[in-house]
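Student: Okay, here's the prediction I keep looking at, along with the sequence it came from:
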Amino acid sequence: MKSPLEVLDTRSQSAQYKNASDRVGMTVYPRVHMFPIDLSLISGIMKNGSFGYSLLDMPIEISVRNSSAQRDSIRIDGAVDIENLDLKVDFNKLRSYIKTNDYYDVTVSMNSFLREHTGLGMSTQILGGIYLCSAQSSGHDLKIKDIYNLGLGHHSALGLNLLFNPGMIFEVGTAISKKGEGIIANPGVSSEYESVANTVYKVNQFPFYSVVAIPKKESSVTDQYGDDFFNDTLPTKNDDAYRAVYAIFEAMIPAIVESNYDLFIESLEQTVGLGIKRVEEEYQTSQTKEVLSEMRKIFGFSAVSSLGPTLYAFSEHDPQYQLGKFKNQNYDYLVYEPFGKMKQTNNDKAILIAGFAAMGKTTFAKNNPDIALDIESIHYERQYVHQDPDDEIAKNDKNWTKNPDYPANYIRAVVENMEKYKVIFLTLAQPVLGELDKLGIEYSILYPGSNRKQQILTDAKHRGNDEDFVAFLDGLLSTPDHRIEFEGFNHSKFEIIDDDTYMEHYLKEKYNL
């Protein structure tokens, strides 16, 4: 069993790759940047250590292969516009650095929930992942210092270190290095050669709940000011830097190790009250300030992630009840349980889940009729001569004709019930999901993995499906073709369930209902 906190030497660390025959892939994650440790410019350099954590339930998948054409390409599957990120991909710089003539085809896939400029750090994660996978596909294993030398992590080394150590970490920024081992990263501030510091304090067991509030539409207003924001607010006072470092190492880290919530919040209040964090708050819109004030009233502490408008807070106990008090519905609220499991809260809208057959949708709806509804497609798609009252038996009946009003009638049922239920189960059908995409209605897809196939077929038999229907399901699950058909839809989540998890357990683990 790992200790609650461990000290890592990052010099020789390698990224965790997913190697295939013709591709190299890796998973990166957006991050909450809680606060900097030191922006005081002590000794003429910007140390910029910081504390933050990865949102592990929002994976960003990066896949790279060498291109047969003499050009590079990047395809984005998600709502993030890579051209609008704070940093830009420079393949020519990478080729020069690793001394190769290779070109690259890159695919980046992510949850449509993610947008750029919301205060969730993604630029370093996405670009760093692209550089790492591209170099790996050309036979080069880049380290943290290499990504730094390629231009990433000059304002904060948090994103760099989270590429190699996803989770919750304290990192200590940069350090003076010899010429040839580092670069002059901030020429307007210092002429010293710097490289990434080699020490990271990784939190393996965070004992408290965390709440992340992500805006549905707002973007960071500080993006309008760019470097002017930092020029106007830096350097912070030397005394503030010393106080912050003292609070972290004498109070915050011991509070995490010893599960002392009061001491943890006390040290957070002290640290966030120093330096530039309060200035970051002043740059936020009135709506963000309103939500920030509301979170502070409920949780006692809350702050802005990076330059906002994403916010974060902590709770010693499950905050489900407190979140029910929130009046502002312009944010999505995510709850991370101790040790990292996420629940997503539902606010003013139902959770829509399109799940494969025999995964427990109907059972959950029958056991929880006040909060869940299973909208069975056969009542909308089919017109029977004599319909059996048992839906599973009705699926075996071949004596029906197609309803000409489908899928419009099905979509009406979904929309009419979205304010009546907390969970609505959908049919996994292309016509239905296509119409939801046109309306901009968010939904998740749950699909069984290869290890779940036999259980699906067994459960289908037990619930009354005939041999033809079971054989039909068997055919769908025997190749990846059916699953691939749905990967291009505008789902907010696409999760593969490869174990014996049924809908009741999935909802309990992932959502506050």
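Tutor: Arrived safely, thanks for sending. Residues are numbered from 1 along each chain as shown.

Student: From Gln270, how far out is the closest residue in space to Lys422 that isn't next to it in sequence?
Tutor: Spatially, and ignoring its direct neighbours in sequence, Lys422 is nearest to Ile371 (4.3 Å; C-beta to C-beta, 6 or more residues apart in numbering). Using the backbone N, CA and C atoms, a C-beta is placed for each residue, glycine as well. Distance from Ile371 to Gln270, counting by C-beta to C-beta, to the nearest Å: 41 Å.

Student: ok, how many other residues are close to the residue nearest to Lys422?
Tutor: Ile371 is flanked by 16 other residues according to other C-beta atoms under 10 Å.

Student: Quick one: the helices in the stretch 251-400 of the chain, in order.
Tutor: Listed in chain order, the helices of the stretch 251-400 of the chain (DSSP state H, counting those that start in this stretch) span residues 253-257, 261-272, 277-282, 286-299, 320-323, 361-367, 378-381, 391-394.

Student: in the first one, what counts as buried?
Tutor: Think helix 253-257. Buried residues in helix 253-257, defined by neighbour count with 16 or more other C-beta atoms under 10 Å: 253, 255-256.

Student: ok, now the fifth one?
Tutor: Neighbour counts over helix 320-323 (16+ other C-beta under 10 Å) mark 322-323 as buried.

Student: distance between that helix and the chain's centre?
Tutor: 22 Å (C-alpha atoms, centre = their mean, to the nearest Å).

Student: that older thread, would you reformat the helices of the stretch 251-400 of the chain as TSV and include distance to Asn465 and mean pLDDT?
Tutor: Output for those, formatted as TSV (distance: least, C-beta to C-beta, whole Å; pLDDT from 0 to 100):
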stretch	distance to Asn465	mean pLDDT
helix 253-257	51	95
helix 261-272	50	93
helix 277-282	56	81
helix 286-299	47	90
helix 320-323	36	74
helix 361-367	12	92
helix 378-381	12	85
helix 391-394	6	66
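
Student: mind checking which of those is nearest Asn403?
Tutor: In terms of C-beta to C-beta, the element of those nearest to Asn403 is helix 378-381, at 5.8 Å.

Student: what packs against the closest one?
Tutor: For helix 378-381, the elements it packs on are helix 391-394, helix 408-417, judged by 3 or more C-beta pairs under 8 Å, 6 or more residues apart in numbering; DSSP states H and E.

Student: List the contacts of the longest one.
Tutor: Going back to what we said before, that points to helix 408-417. Residues outside helix 408-417 that contact it (C-beta atoms under 8 Å, 6 or more residues apart in numbering): 350, 352, 373, 375, 377, 380-381, 403, 424, 426-427, 432, 435-436, 439, 441.

Student: just curious, which of these is nearest to Lys202?
Tutor: Nearest member of those to Lys202, counting by C-beta to C-beta, is Leu352, at 36.3 Å.

Student: thinking again about what came up before, sort out which one of the buried residues of helix 253-257 lies nearest Val203 for me.
Tutor: Val203 lies nearest to Ile256 out of the buried residues of helix 253-257, by C-beta to C-beta, at 5.9 Å.

Student: Can you get me a residue count around the residue nearest to that closest one when sequence neighbours are not counted?
Tutor: Distance criterion C-beta to C-beta, 6+ apart; nearest residue to Ile256, sequence neighbours excluded, is Val203 at 5.9 Å. Using other C-beta under 10 Å, Val203 has 20 neighbouring residues.

Student: For Val203, list the residues it contacts.
Tutor: Contacts of Val203 by C-beta under 8 Å, 6+ apart are 4-5, 53, 167-170, 256.

Student: thinking again about what came up before, Leu87 is nearest to which of the helices of the stretch 251-400 of the chain?
Tutor: Between Leu87 and the helices of the stretch 251-400 of the chain, the tightest spacing by C-beta to C-beta is seen for helix 277-282, at 19.7 Å.

Student: follow-up on the earlier one: turn the buried residues of helix 253-257 into JSON lines, including distance to Glu192.
Tutor: Formatted as JSON lines, the buried residues of helix 253-257 follow (distance: C-beta to C-beta, whole Å):
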{"residue": "Ile253", "distance to Glu192": "28"}
{"residue": "Ala255", "distance to Glu192": "34"}
{"residue": "Ile256", "distance to Glu192": "32"}
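
Student: how near is the most centrally placed residue in the chain to Ser109?
Tutor: In the chain, the residue lying closest to the centroid (C-alpha atoms, centre = their mean) is Met58, at 2.1 Å. Met58 sits 12 Å away from Ser109 when distances are taken as C-beta to C-beta.

Student: ditto for Pro431
Tutor: To Ser109, Pro431 is 24 Å away according to C-beta to C-beta.

Student: How about Asp437?
Tutor: 17 Å.

Student: Do a quick rundown of the strands in the stretch 201-350 of the chain.
Tutor: 209-215, 302-304, 311-315, 331-336, 342-345 (DSSP state E, counting those that start in this stretch).

Student: Residues in contact with the third one: which ones?
Tutor: Around strand 311-315, the neighbours that count as contacts under C-beta under 8 Å, 6+ apart are 32, 34, 119, 208-213, 261, 264-265, 268, 288, 291-292, 295-296, 298-299, 301-305, 322, 331.

Student: Ok, the second one next?
Tutor: With contacts defined as C-beta under 8 Å, 6+ apart, strand 302-304 is touched by 34-35, 119, 268, 272, 277, 280-281, 284, 288, 292, 295-296, 310-313.

Student: residue boundaries of the helices in the stretch 401-513 of the chain?
Tutor: 408-417, 430-439, 453-462, 467-478, 481-487, 503-510.

Student: Buried residues, stretch 8-21. List them.
Tutor: Within stretch 8-21, the residues that qualify as buried are 8, 10, 13, 15, 17, counting by 16+ other C-beta under 10 Å.

Student: swap in stretch 302-318?
Tutor: 302-316.

Student: out of these, who's nearest Leu507?
Tutor: Leu507 has its nearest neighbour among these in Ser315, at 20.8 Å by C-beta to C-beta.

Student: Can you give me the pLDDT of that closest one?
Tutor: Note for Ser315: predicted pLDDT of 92.

Student: cool, and Tyr17?
Tutor: 94.

Student: now swap in the one 10 residues further on and tell me
Tutor: At Thr27, the predicted lDDT confidence score is 92.

Student: Name the nearest residue to Lys366, ignoring sequence neighbours.
Tutor: The shortest distance from Lys366 to any residue other than its chain neighbours is 7.9 Å, reached at Asp374 (C-beta to C-beta, 6+ apart).

Student: before we move on, the earlier item: so which of the helices and strands packed on helix 378-381 comes closest to Ile497?
Tutor: That would be helix 391-394 among the helices and strands packed on helix 378-381, by C-beta to C-beta, at 20.3 Å.

Student: what's the burial count for the closest residue to Leu477 other than its chain neighbours?
Tutor: In this structure, Leu477 finds its nearest non-sequential neighbour in Lys453, 4.6 Å apart by C-beta to C-beta, 6+ apart. Neighbour count for Lys453, taken as other C-beta under 10 Å: 16.

Student: sorry, back to before: reformat the helices of the stretch 251-400 of the chain as a markdown table; add distance to Tyr336.
Tutor: What follows is these, written out as a markdown table (distance: least, C-beta to C-beta, whole Å):
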| stretch | distance to Tyr336 |
| --- | --- |
| helix 253-257 | 14 |
| helix 261-272 | 15 |
| helix 277-282 | 21 |
| helix 286-299 | 13 |
| helix 320-323 | 13 |
| helix 361-367 | 23 |
| helix 378-381 | 37 |
| helix 391-394 | 37 |
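
Student: Nearest to Glu218 among those helices would be which one?
Tutor: Short answer: helix 286-299, nearest of these by C-beta to C-beta, at 6.5 Å.

Student: What residues of the closest one count as buried?
Tutor: Across helix 286-299, burial judged by 16+ other C-beta under 10 Å covers 288, 291-292, 294-295, 298-299.

Student: Stretch 125-142 too?
Tutor: Buried, per 16+ other C-beta under 10 Å, within stretch 125-142: 125-138, 140, 142.
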